[in-house]
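>>> how would this look folded up:
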Amino acid sequence: MANTEHFEYVQSIIKQETILMQRCLKRNEIIKSFKHATNFLLFLRNSVWSLEQYYKIQSLCIESLSPLSKYLLLKNKTMDLDLVEVYDYTQYIGNVIPRLYLMITVGICLLQCKDVPYYEILKDLTEMTRCEQHPIRGLFVRYYLYNGTKNQLIKSHYIIENCSFILSNFEEMNKLWVRLQHIGSFDEKRLRLKQRNQLKIMVSSQLVEIKAILIDQHIDNDDETNKEKLNKSLDIYKKTVLPRILNNIIQSHDPFSQEYLFEALFQIFPSNYHRSTLESLLSSTLNLLPSTPIGRIVSKLIVTLNLQGNGAKPQENECITKGLEKVSIEEKSKKSIAKDTNILSDSDGQEIFQIFWSYLHTINEKELNISLHQYITLLESIIQLVVTSLPNKLKNLSTLFKIFVMIFSGDILVKDDKNVIKNDVISLLAFENIKFSSLSEKSSLIINLLIYSDPYRTIITNSVDDGNPLYNRQLLNLLLSKIVLSNNFSIFDEQYKTENSNIDTSQKLGVILTIFTPLLKDLPKPEITLSKDKIVKKVEPVSSKLNHLPTNEQDQQSNKTIGEQLKEFDRTSRPSSQDDSINHRTNSHPPKQEVTHSSTLGKDSTLKSYSKNTNVTHLKDNGPHSKSNTHANNIASSQQLVQDRKILRDQMNILQFQKHIYFKMEEQENITKMFNTLIPIEDLLKNHDVDDIEKILKLILTFRNWYFKGGENIKFTYPILITNLWRIIRQCYILNFETINDKDEESSADPQFIKIINQTFKYTARFLNELAKISLSTNNPEIADLSFKLNLQTALLADQMKYSEISYDFLSQSFSIFEEALGSSKLEYQSLVYLTQTLHRTRSLYEESRYESLIIRCTLHASKLLKKQEQCRALYYCSHLWWPTKLNFFDEVQEYDIVNPENNLNKKRIMECLQRSLRLADSLMDNIQSCQLMLELLNQCLYYFETDALHETEVRTNYINGLIDLIKTNVRALEMERSLGENETSANNTTKGQTHDIVCGIDGTVIEISQQDLAAINTTPTTNPTSSQENNHVPKDVTEHSQVPIDGFKRICAYIAGKRAYDGRYAAIKV
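Have a look, this model is predicted:
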């Protein structure tokens, strides 16, 4: 508060002195006016102000000096005052800060005059400002000099002298800016860093002025003279300006200064200047401090080249300080960027790439102390340049990846271990940090690199073979996820094919598939050295230990992975065991740290209690056996530590395996998607060419050979191959059908398409047999069910095309799978229903009694089901197999004549299935289930009764009436149970005045309970109110279930009554 009041007081004093100075100027008292100016400029000597306050005071002082400048210029024009004498007078002012500000003010006025030693004045001002070496005061003085002279410098024709003056000012300001971090105490280091960040715009503003002198004044016109001047300015920049700037940056010996000034240099000057001086810029980065991020600096250079090369505007460089003046670097460089063409030709682009490639080789030859992380950042920047602006992407990227092959082979020594930065390597290989115009472009580039780039494949292969399966899968999964995003790549594409790379389609596919082979198989299950019970018991104390930690430590422990915890445990456990062995060999007492160390491990509660007991024994026992007791305790403690380490190791293995299982579905999904990504089946089938279809079959077989290595995982990958084989079969059938119709005369089918169809069915049968064998070897019913259903779908497809023999073979295979693998599983009933539906849709099997043999076999399986309700439903489903109907086929194939369905109609078989189902439904002990099954049978009977065109069905009205009477009997029993349940509920809520009530027991018996017994039941205390609610809910649930068949029977009766108005046969049915 006091500082604020003092600041306001200083502002008022400055304003008073300004008024007094103006009065003296009106009276032409120049000496007195200088004294008043000196009085308010003395406040700039104070360093107690904050940076913003100092800036406000300086701004107020500079504003107060403007009347003095106007007065001096006016008197110089009227020849009433000699500015040279005034300039000499200012040099005799006693205080440094007022003398410098007044000298700069008079010197600026003197520069606007004619016939003055222009360069000598600038040189004198530069030399005199060196008197102030305080970082903050010196920076503000030189910034005032820059702001006062910049307009005159731009108008002047002395380009080299002006640039020399600005560069000298820039060098001194950079020195003061770097020195700022070294003043004050160590506690003020953070404050000084903040001030440096606020004042950095003052230093970079000098580069803006140099750019304005060299470029901006020649941009407005496009005549040849200005072009010559621009070329001359470029030569001055290359020979004079840039070497001094780079030398000053290197000599600063400050990482923060070096990085910021390089960034400012890249943003201020246009890209054609950077391209012309690219070698100098890159070579200068090799002389920076080891702690300076070289990779990040080069990345910003490349980003600037990309942004300006594409016509984009660089981001505005704003001043961070609120009070400091905003100096927009972009504002003064808009015109130059607009005039910059930046469209790289093949020769220019290749030349730039060679410069960067030589730069990388120079780094390797000099063996700089650069980390692998920075090296990867540098490579990513160059890759971004290649992808965005340079031609020959594939060739240049392959050349860049050669250097990474050298890194993994150990030829290049880097600071970091390659195992430490595996995530950076994965990001580099998958182009995670590289921007593309679309995801499909990135995917296509990765695929082509895998095919044509040997170094890229070598890096991936070396990464996969380093022995870490989780890391291997992480890299391959990331690459695969990028590949499947492509929607415009084709394995037949020859876009990147070079003259010397004669790779056919199958070889391309083989190269890609070989890389991703490790993803086909699952990780092996972890080896557990201890039992699961011990792991659970031992892991709980480890997790409970976190609750006793302080808040900050608990957050840090929770963020650690199990691997990090295991490494930390190794570091804490191993020294203890080593110390114990040393103590045993030297026969000395264990150090006091042993007790606290063992107690702080906290891996098990028993270990904690044991360490406490050890501590007590060690303090109390001073007898002759103390050493032996301590040695025994140390052995027990070390054994406990070894066991705890095994527990954590097992826990880590389990968690890693669970993570793999969690992402397994995503892995297999991407592997499956890769087929559609690499093989454009739709485009090839549109050509209606037999050669293209044969190519697809060849590639499908290649994928089959690759997928087969996955073992049990073929359940995820084989379906896409089989479905695409179906597409080929349908397409060939349609083409064959169109070929026959296009000919004028009747002719036979095209033998080429028939041959392809037969061969494709054979491939499908082979794939399905492999699925079935895997299911039998692994005893996996899920794979068996998949093979079973795919066989049925293939049989149905062959039946629709009138390939009865092929359809019968696939159906026979389905029956074999059902009997061998699904007959005793939970999927037995659903599989049998699916088989029944498929058989009902077939029509080409009527010849040679194939259909009848299959449906009899299916009915026998239905009658052997274990559960009666499933057996009942399966049998009345099988009754439809003797009741064929007309079908509508898929749109791709024209309808063909069907064999007369009446030839396969067997009404006696239908009646036998229905009667067998009725006996099973009636034999059930549960009345609700029995009644529900009877209602389903009644629906089936009504279906047969209604759809029989001859009205001579075996399901006659007397049979339906008998079934209805049986259902009525069961419904009455259910209604009675429902009423008894309601009476039981009302009995619990009766008043004490009732004498007796009727209660239904658990076994279904009905008893009459007296008033005395009822009162005893009602007065029984209930300790748990929720249990009484649950007991009251039981009869309510039973009544709700019993109401379902009752309502269903009512709906059927209403349906029969409604049909009587349209069909007279329903009048004989009694409801």
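>>> Mind telling me what element Leu475 is part of?
helix 469-483 (DSSP states H and E).
>>> tally of neighbours for Val355?
To be clear, residue 355 is Ile; Val isn't right here. By other CB atoms under 10 Å, the residues close to Ile355 number 15. Glycine gets a C-beta too; all of them are placed from N, C-alpha and C.
>>> tell me the SS of Ile434?
For Ile434, the assignment made with DSSP: H, G, I helix; E, B strand; the rest coil gives coil.
>>> Quick check: it touching Val387?
Yes: applying CB atoms under 8 Å as the test, Ile434 and Val387 come out as touching, 5.9 Å apart.
>>> Those two: who's more crowded?
Comparing Ile434 with Val387 by other CB under 10 Å, the one with more neighbours is Val387, at 20 against 17.
>>> which non-adjacent residue is nearest Ser930?
Nearest non-adjacent residue to Ser930, counting by CB to CB, 6 or more residues apart in numbering: Leu924, 4.2 Å away.
>>> Can you list phi and psi of the one you found for me?
Torsion angles at Leu924 (phi, psi; degrees, to the nearest 10) stand at phi -70, psi 140.
>>> count of residues packed around it?
For Leu924, the neighbour count with other CB under 10 Å is 17.
>>> quick one: it and Asp124, what's the gap?
Counting by CB to CB, to the nearest Å, the separation of Leu924 from Asp124 is 116 Å.
>>> Then Leu865?
According to CB to CB, Leu865 and Asp124 sit 110 Å apart.
>>> Please apply the same query to Trp726.
If you go by CB to CB, the gap between Trp726 and Asp124 works out to 92 Å.
>>> just Ala795 next, same as before
As judged by CB to CB, Ala795 and Asp124 stand 102 Å apart.
>>> higher neighbour count, those two?
Ala795 (26 against 15).
>>> Domain-wise, how is this protein divided?
Domains of the chain are assigned by the TED database as 654-778, 793-886, 915-981+1039-1070.
>>> tell me the most buried of the ones you listed?
domain 793-886 (a mean of 19; mean count of other CB atoms under 10 Å).
>>> Looking at it now, give me its mean pLDDT.
Mean per-residue pLDDT for domain 793-886: 88.
>>> Enumerate every residue touching Arg956.
Phe945 (CB atoms under 8 Å, 6 or more residues apart in numbering).
>>> cutoff 10 Å now
911, 941, 945, 1065, 1068 (CB atoms under 10 Å, 6 or more residues apart in numbering).
>>> who's in contact with the last one?
With contacts taken as CB under 10 Å, 6+ apart, Ala1068 has the following neighbours: 956-958, 960-961, 1060.
>>> returning to that earlier point: what is the lowest-pLDDT residue among the contacts of Arg956?
Scoring the contacts of Arg956 by pLDDT puts Arg1065 last, at 81.
>>> what ranges of the stretch 651-800 of the chain fall below the confidence cut-off?
Residue ranges of the stretch 651-800 of the chain with pLDDT under 70: 651-663, 739-750.
>>> for stretch 369-386, which positions count as buried?
Going by neighbour count (16 or more other CB atoms under 10 Å), the buried part of stretch 369-386 is 370-386.
>>> Sorry, wrong one. I was asking about stretch 507-517.
For stretch 507-517, burial by neighbour count (16+ other CB under 10 Å) applies to 508-509, 512-513, 515-516.
>>> Tell me which two in the residues you listed are the farthest apart.
Farthest-apart pair in the buried residues of stretch 507-517 is Lys508 and Phe516; separation 13.7 Å (CB to CB).
>>> Please identify every residue contacting each of Ile434 and Val387.
By the contact definition CB under 10 Å, 6+ apart, Ile434 and Val387 are jointly contacted by 442, 445.
>>> Could you measure from Thr377 over to Met406?
In terms of CB to CB, Thr377 sits 18 Å off from Met406.
>>> Tyr718 is in what secondary structure piece?
Assessed by DSSP H and E, Tyr718 sits inside helix 714-742.
>>> now the angle between helix 714-742 and whichever helix or strand comes after that helix, please.
For helix 714-742, the following helix or strand on the C-terminal side (DSSP H and E) is helix 751-778. If you take axes from the mean of the first three to the mean of the last three CA atoms, to 10 degrees, helix 751-778 sits at 160 degrees to helix 714-742.
>>> could you say what helices and strands helix 751-778 packs with?
For helix 751-778, the packing partners by 3 or more CB pairs under 10 Å, 6 or more residues apart in numbering; DSSP states H and E come out as helix 690-707, helix 714-742, helix 781-800, helix 804-817.
>>> now those as CSV including distance to Ser347?
CSV is the format used below for the helices and strands packed on helix 751-778 (distance: least, CB to CB, whole Å):
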stretch, distance to Ser347
helix 690-707, 39
helix 714-742, 46
helix 781-800, 58
helix 804-817, 63
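>>> And those: which comes nearest Arg23?
Of all those, helix 714-742 sits nearest to Arg23, with 93.7 Å by CB to CB.
>>> which helices and strands does the closest one pack with?
Short answer (3+ CB pairs under 10 Å, 6+ apart): helix 714-742 packs on helix 664-678, helix 681-686, helix 690-707, helix 751-778, helix 781-800.
>>> 6 Å instead?
Judged by 3 or more CB pairs under 6 Å, 6 or more residues apart in numbering; DSSP states H and E, helix 714-742 is in contact with helix 664-678, helix 690-707, helix 751-778, helix 781-800.
>>> tilt between the third one and helix 781-800?
So that's helix 751-778. 160 degrees.
>>> Next: the shortest one.
Between the direction of helix 664-678 and that of helix 781-800, the angle (the same axes, to 10 degrees) works out to 30 degrees.
>>> could you give the angle of helix 664-678 to helix 690-707?
Counting by the same axes, to 10 degrees, helix 664-678 lies at 160 degrees to helix 690-707.
>>> Could you tell me the angle between helix 664-678 and helix 469-483?
Helix 664-678 runs at 40 degrees relative to helix 469-483, counting by the same axes, to 10 degrees.
>>> what's next to helix 664-678, contact-wise?
Outside of helix 664-678, the residues within contact range by CB atoms under 6 Å, 6 or more residues apart in numbering are 477, 480-481, 484, 486, 491, 519, 703, 716-717, 720.
>>> Where does Ser291 sit: helix, strand or coil?
coil.
>>> Number the chain from 496, please
Will do, 496 is the new start, and the previous item becomes Ser786.
>>> can I assume it is in contact with Asp749?
No: checked against CB atoms under 6 Å, the pair Ser786 and Asp749 is beyond contact range at 9.6 Å.
>>> Among the two, which residue is more densely surrounded?
Set Ser786 next to Asp749 and count neighbours by other CB under 10 Å: Asp749 wins out with 20 against 10.
>>> which SSE is the residue lying closest to that one once chain neighbours are set aside in?
Distance criterion CB to CB, 6+ apart; nearest residue to Asp749, sequence neighbours excluded, is Val673 at 4.7 Å. Assigned by DSSP H and E, Val673 falls within helix 654-674.
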